[in-house]
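Participant: Any chance you can model this:
(chains A, B, C, D and E)
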Amino acid sequence: MKSTRTVQKILANYEGTTPGVKANLNRILMTGKLGGTGKVIILPVDQGFEHGPARSFAPNPPAYDPHYHYQLAIDAGLNAYAAPLGMLEAGADTFAGQIPTILKVNSANSLIPKEAPKTQAITACVDDALRLGCAAIGFTVYPGSSAALDMFSDIAAMREEAEAKGLATVIWSYPRGEALDKDGETAADIASYAAQIAALLGAHVIKVKLSTDHLSLPEAKKVYESEKIDLSTQAARVADVMRSAFNGRRIVVFSGGSKKGTDSVYDDARAIRDGGGNGSIIGRNTFQRERGDALEMLGKLVEIYKGKA
Amino acid sequence: MKSTRTVQKILANYEGTTPGVKANLNRILMTGKLGGTGKVIILPVDQGFEHGPARSFAPNPPAYDPHYHYQLAIDAGLNAYAAPLGMLEAGADTFAGQIPTILKVNSANSLIPKEAPKTQAITACVDDALRLGCAAIGFTVYPGSSAALDMFSDIAAMREEAEAKGLATVIWSYPRGEALDKDGETAADIASYAAQIAALLGAHVIKVKLSTDHLSLPEAKKVYESEKIDLSTQAARVADVMRSAFNGRRIVVFSGGSKKGTDSVYDDARAIRDGGGNGSIIGRNTFQRERGDALEMLGKLVEIYKGKA
Amino acid sequence: MKSTRTVQKILANYEGTTPGVKANLNRILMTGKLGGTGKVIILPVDQGFEHGPARSFAPNPPAYDPHYHYQLAIDAGLNAYAAPLGMLEAGADTFAGQIPTILKVNSANSLIPKEAPKTQAITACVDDALRLGCAAIGFTVYPGSSAALDMFSDIAAMREEAEAKGLATVIWSYPRGEALDKDGETAADIASYAAQIAALLGAHVIKVKLSTDHLSLPEAKKVYESEKIDLSTQAARVADVMRSAFNGRRIVVFSGGSKKGTDSVYDDARAIRDGGGNGSIIGRNTFQRERGDALEMLGKLVEIYKGKA
Amino acid sequence: MKSTRTVQKILANYEGTTPGVKANLNRILMTGKLGGTGKVIILPVDQGFEHGPARSFAPNPPAYDPHYHYQLAIDAGLNAYAAPLGMLEAGADTFAGQIPTILKVNSANSLIPKEAPKTQAITACVDDALRLGCAAIGFTVYPGSSAALDMFSDIAAMREEAEAKGLATVIWSYPRGEALDKDGETAADIASYAAQIAALLGAHVIKVKLSTDHLSLPEAKKVYESEKIDLSTQAARVADVMRSAFNGRRIVVFSGGSKKGTDSVYDDARAIRDGGGNGSIIGRNTFQRERGDALEMLGKLVEIYKGKA
Amino acid sequence: MKSTRTVQKILANYEGTTPGVKANLNRILMTGKLGGTGKVIILPVDQGFEHGPARSFAPNPPAYDPHYHYQLAIDAGLNAYAAPLGMLEAGADTFAGQIPTILKVNSANSLIPKEAPKTQAITACVDDALRLGCAAIGFTVYPGSSAALDMFSDIAAMREEAEAKGLATVIWSYPRGEALDKDGETAADIASYAAQIAALLGAHVIKVKLSTDHLSLPEAKKVYESEKIDLSTQAARVADVMRSAFNGRRIVVFSGGSKKGTDSVYDDARAIRDGGGNGSIIGRNTFQRERGDALEMLGKLVEIYKGKA
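Facilitator: Sure, this is the predicted structure:
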């Protein structure tokens, strides 16, 4: 698989890692309609675990079938498809080699008692990802939870194993837990902090949420204000996240949250692009739409990331 | 062991797994009176652990002897026999090769203090299953318990080892614990969610309970109602479970609960069949009946699954 | 070492295990004055850990010396001697090969704060048992404790290792803990349940306490009464335990508790014999008596198990 | 790499360790402007994890880039650069071999709920340090925390692995937690105790904070007073720490805390030098200054440690 | 290294262990001025960890240097020197082979919050002891603590590894924790119980504290009184401990506690000798005295153990 100069420049930021990891990052970056541009769109389908099957798939029933998502990601020309073990296994032979896959190795669900510490179960291992031909493992951490340190240690161990075995590591860094109120979970300073933590943990690809202009930590607020850091637009906040991801040396993709209007989705993508982000990881907004609509929307996103829309 | 076209079609859904797992699934699907039809009836005898020996076996004293259950499953022409380590060991030589066996690798009991988190002990390992010539391991998870994430991680590790060693994995997905009230444990949305979790965890065969038309999670209820999903009959609810098991790509068997009248057992089986389920896993309703009655009832169930009753 | 037909019949019940385990069970069953009869008397000396040295040995000071117990078991013609690591090590060379030994691999003590969950520490490992030439490992579980599931998982792992290395597993199944009141610990239904749990965990030899005619679990009580199961005599209760030990397919020995009069000890043994039990595991009632008295009492017990007294 | 007599004398104190550890200590001691003097200045950049990116880097934005710190440490002629995994990886190829690096293998952050025990997550392993060509691993312990014993056990295991693999171990010994009030964290007796604990844990390089003349533990206070130990100056307190570090047989570096005026930084260094300490580990006071200022300040520190300022 | 008949007789009590363990016990028993007599004096220096450096070493400042203790033990002709990892490492080359060393592998400290369960951190491993040429590992257990069972399991695993690798195991058995009041910690019945636990855990050398004539456990008190066991003198209490250490089959050394007058130290030693104990393990009473005084005192202790004073 060849590599454009843009992609090679991105890969050059991944120092100190194994050639296997670089080869798999190259696979992701060179695949699909955005292949070679340094921009990426990833389809993640772990909502069946997190929200249950009806909430996830009933709005668009063909999505109950794991093959649907593989096919959607391939037909839309995306860079990669991420899902938990069962979902990937269910199409691993049929679609082998047609799109880079990311094995989500930990998962939460909606049936956990509310009082329990916010955490996830490890539901697959690095050797599963090798067996299934994946390009990367994906792992969620919850900075702000009383269980966060355990999650950091778990991903540190899996990242090390994945790295040695040539797989890239994608970290979903989602602020959540006892140390944060609702506004804090989406605050601008927290989003940048979450990106920094993922980068320090050795993530090759970082997934964070788009943020609001709220500032949550008093000590951080003081600095943002004294240093006059602009957070007034979504693009400015994306830029602050990118600075926090080793000054742009790490690939960062942004998630859009629950299903919403296409204009809103397009605005998000333009902000990500303008702020220097690498792209979108977009789940419910694709597979909960009828397939034709989803493909049209994803086509438009590709255009946006190419700077043509 | 040969394989019918129907069974081959089912096996084709098991992508990304080892040939050993497929061979063992084939063993289960091609054995007994339903062999080759894609339908299965499994005899599980783990009630001695869960309810104690008197409640389990005193109503039909020959059932105290582990040989009794092997013989019953063989004589009734069932597809497989599932039990904890001690039960399987006690007949492993006598009945070697006569019926596929499933080693139940975790177990609970009635002597646990009520306040303890709902969970089970791991009471056997994958190498035990290999030594005993089993076709699969069986593992219970309790979605809804504060211990559920630990159970998910445990089965993930055992599933991976079993897969590498060529054994199939059966997951008993039983909603239970602090996050659920009594109605929730048997609610239709929860049963489908339980099936989805098992499928995502990589189960090759999923065991869930038949459900009521109650809906437990408010967010799920909203979707079921807005999407007008029919849950009015048992067959419709079985169909919803099958959709949640990767749109029918996974074998799902349903359990019937405590002993009841034969008509009720037959009605359950017809609903499972009509909803597209793969069959029954039926314990107390067999071994707590006198052997002649049990064989007659199981014979009738075979006819039902063959569409002849 | 040869084997009588009676013993061979017992060994035939141990299906699915390794030849090493069978050879060690044969060693135990063919040793001593009861060798070949299928009956067994075992000397257990773990009270130094559980009750401290003074309570255990001061009444008969020679018993402070570990050699004393080896010699007593040998001179009395018992089948085996069970003790924690230190006790066995202290005579392992002197008495090597003279009597089968059972390494007690977990232990509790009287200095544990009352509020702590009832459990034991693992104080030796399978490789210790191999090094010391033991025939079996011994492990206590406390059904009824909040720590019971952890104990089950621990013995499951050690049983598997022992089995692979050719050592038998003896489980002390002692109901205790938050789920049981004082009467419950010695109730008839609980004793049978305890035997069943040990059998399901893969115990080759099961040790339970003699019980009273009290019934503890309401659901079990209902069945015992509706099925009219006789529990009126100690022999009847022993018979119920044997049924619960795979209908007699597992060796079960009964313990007698604290020191008492010899007539009472003899009555217990007759009840065990008449109920179909395999024998006695008798500690304080032997080593807290003066050696001559102990030998006389043990001689009488042998006669009882031979049906001559 | 050659070694001065001064350095050889220091290395001679490292008895009982592997040649690999000594070689790596030599690398650190012979590098930079203080190379060969036995004095060291280390640049640590783990504040992104502990305080977040804005608080750490916004005051001097080029510091968002991991390359900035490598270059600063090299240009200033420091002995070593210490950082968490992601930071080191991001420049590991570009700066390979240009400066000894210390992989910080555990990390905390500001998003931990206040009530949680004070501890850190293990975020990298010894093999990561080998892969990245590091000279040492760095580990923080919190004497005074309810989690301190677990931290001690964790570093003991990593130290042993590092030692066997030829890497040195640096311990950040920071008193913190439930057993200490705010004054206690920086008390003179506690600082010396912290140094002693690190030394006993096998640290090759110890990092502690400069202390006040407060005495926290009543029993220690009694001894300091009765033995008339001088703690009135910072240099005297440094000397007490050095005594507690095996009478000077271990390298001890002192940290200066949050950003402050250069005069204050210089006074600290003179006290460290005069008390017999080995040097400074100085983070925020360098990288939060503009690069030119930082280089000037570090140049002055070198002069101080050389006894020329 | 040769062995006297007295020592050979002691070694003969160590049945069932490896030749490596016996060889190391022989090293300890044949070293120093008491070499060959079966009596031992051991210098333990772990107070830096437990009480901090000032309380431990300020009264005699040369003791801050690890070399001091090696030299003191050698010059006084003691049998062995015991210390945590850092202390031993700091002189391991200089004093290699000059005196048997015992690596203390777990440690507590005074900075633990009062409410935490009484336990210690594992701070070194068996392979550290091998690397440092030690004769034994040392491990503290706290019978009476809610963490005692975990400590027992930890030492059981380390003892097994040490035994296989030819190192002896010394257990410090110190009653402490929630199950004991202040008087209970030094009660005579508890001291004997502590010795018994250590012996059962497989200790080759047992360290307990001298006790008072208080009896703590009501059930034990009853037996001591009914059996009329003499506990009126320190020698009688030592004799009771020796009985509880397998009737004298295990080496037991007694510790003297905090610094006190020499007459009191001598009286303790005479009581240990007269009660049949093997010797003293004496830390603060040696290294907190000026070197000359300490040597004189240790010389006198040697005389006492030789029966000459």
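
Participant: From now on I want contacts and neighbour counts done on CA atoms only, so please keep to that.
Facilitator: OK.

Participant: so the most centrally placed residue in chain A, which of the three states?
Facilitator: The centre of chain A sits closest to A:K207, judged by C-alpha atoms, centre = their mean, with a distance of 3.5 Å. The three-state assignment at A:K207 reads strand, by DSSP: H, G, I helix; E, B strand; the rest coil.

Participant: Tell me which residues touch it, please.
Facilitator: A:K207 makes contacts with A:170-173, A:195, A:252-255, A:281, as judged by C-alpha atoms under 8 Å, 6 or more residues apart in numbering or on different chains.

Participant: top of those by neighbour count?
Facilitator: Highest neighbour count within these: A:A195, with 33 neighbours (other C-alpha atoms under 10 Å in any protein chain shown).

Participant: Please identify which helix or strand holds it.
Facilitator: If you go by DSSP states H and E, A:A195 is part of helix A:188-200.

Participant: A:A271: what's its closest spatial neighbour, skipping adjacent residues?
Facilitator: Spatial nearest neighbour of A:A271, excluding adjacent residues (C-alpha to C-alpha, 6 or more residues apart in numbering or on different chains): A:A235 at 4.3 Å.

Participant: tell me the contacts of the closest residue to A:T31 other than its chain neighbours?
Facilitator: Spatially, and ignoring its direct neighbours in sequence, A:T31 is nearest to A:N79 (5.0 Å; C-alpha to C-alpha, 6+ apart). A:N79 makes contact with A:28-35, A:40-42, A:73, A:99-100, according to C-alpha under 8 Å, 6+ apart.

Participant: who are the neighbours in contact with the residue in chain A positioned nearest to chain B?
Facilitator: Nearest residue of chain A to chain B (C-alpha to the nearest C-alpha) works out as A:G86 at 3.9 Å. Residues near A:G86 by C-alpha under 8 Å, 6+ apart: B:199-203.

Participant: my read is it is in a strand, agree?
Facilitator: No: counting by three-state DSSP, A:G86 is located in no strand; its state is helix.

Participant: quick one: contacts for the nearest residue to it once chain neighbours are set aside?
Facilitator: Excluding the flanking residues, the one nearest A:G86 by C-alpha to C-alpha, 6+ apart is B:L200, at 3.9 Å. Counting by C-alpha under 8 Å, 6+ apart, B:L200 touches A:49, A:84-87.

Participant: partners of the residue nearest to the centre of chain A in the sheet?
Facilitator: With DSSP bridges as the criterion, the beta-bridge partners of A:K207 are A:W172, A:V253.

Participant: Does the single longest helix found in chain A reach chain B?
Facilitator: The helix that spans the most residues within chain A, counting by DSSP state H, is helix A:148-164. No: using C-alpha under 8 Å from any C-alpha of the partner chain, helix A:148-164 never reaches chain B; the gap is at least 12.0 Å.

Participant: Could you list every helix and strand in contact with that helix?
Facilitator: Helix A:148-164 sits against helix A:126-131, strand A:136-141, strand A:168-173, strand D:121-122, with contacts defined as 3 or more C-alpha pairs under 8 Å, 6 or more residues apart in numbering or on different chains; DSSP states H and E.

Participant: how about the ones you listed in TSV, adding mean pLDDT?
Facilitator: Converted to TSV, these look like this (pLDDT from 0 to 100):
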stretch	mean pLDDT
helix A:126-131	98
strand A:136-141	98
strand A:168-173	98
strand D:121-122	97
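
Participant: Need the CA coordinates for the helix holding A:A195. CSV is fine.
Facilitator: Taking Å, rounded to 0.1, in the frame of the first residue of the first chain, the C-alpha atoms of helix A:188-200 are listed here in CSV:
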residue,chain,number,x,y,z
ALA,A,188,-13.4,23.1,26.6
ASP,A,189,-10.6,22.8,29.1
ILE,A,190,-11.6,19.2,30.0
ALA,A,191,-11.7,18.2,26.3
SER,A,192,-8.1,19.4,25.9
TYR,A,193,-7.1,17.7,29.1
ALA,A,194,-8.7,14.5,27.9
ALA,A,195,-6.8,14.7,24.6
GLN,A,196,-3.5,15.3,26.5
ILE,A,197,-4.1,12.3,28.7
ALA,A,198,-4.7,10.0,25.7
ALA,A,199,-1.6,11.3,24.0
LEU,A,200,0.5,10.7,27.1
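
Participant: can you tell me the average pLDDT over it?
Facilitator: Across helix A:188-200, pLDDT averages out at 98.

Participant: can you list the residues of chain A near chain B?
Facilitator: Residues of chain A lying near chain B (C-alpha under 8 Å from any C-alpha): A:48-49, A:52-55, A:58-59, A:64-66, A:84-87, A:89-94, A:108, A:111-114, A:116, A:120-125, A:128, A:131-132.

Participant: can you tell me how far the residue nearest to the centre of chain A sits from chain D?
Facilitator: A:K207 is 16 Å from chain D, where distance means C-alpha to the nearest C-alpha, to the nearest Å.

Participant: from memory A:I251 sits against A:H204, does it?
Facilitator: Yes: assessed by C-alpha atoms under 8 Å, A:I251 is found in contact with A:H204 at 6.7 Å.

Participant: ok, back up a step: what residues does the residue nearest to A:A271 make contact with?
Facilitator: A:270-276.

Participant: who wins for most neighbours among the residues you listed?
Facilitator: A:I272 (27 neighbours).

Participant: Per-residue pLDDT of the closest residue to chain E within the stretch 151-300 of chain A, please?
Facilitator: Residue of the stretch 151-300 of chain A nearest chain E, by C-alpha to the nearest C-alpha: A:S153 (19.8 Å). Confidence at A:S153, expressed as pLDDT, is 97.

Participant: Sweet, I'm off.
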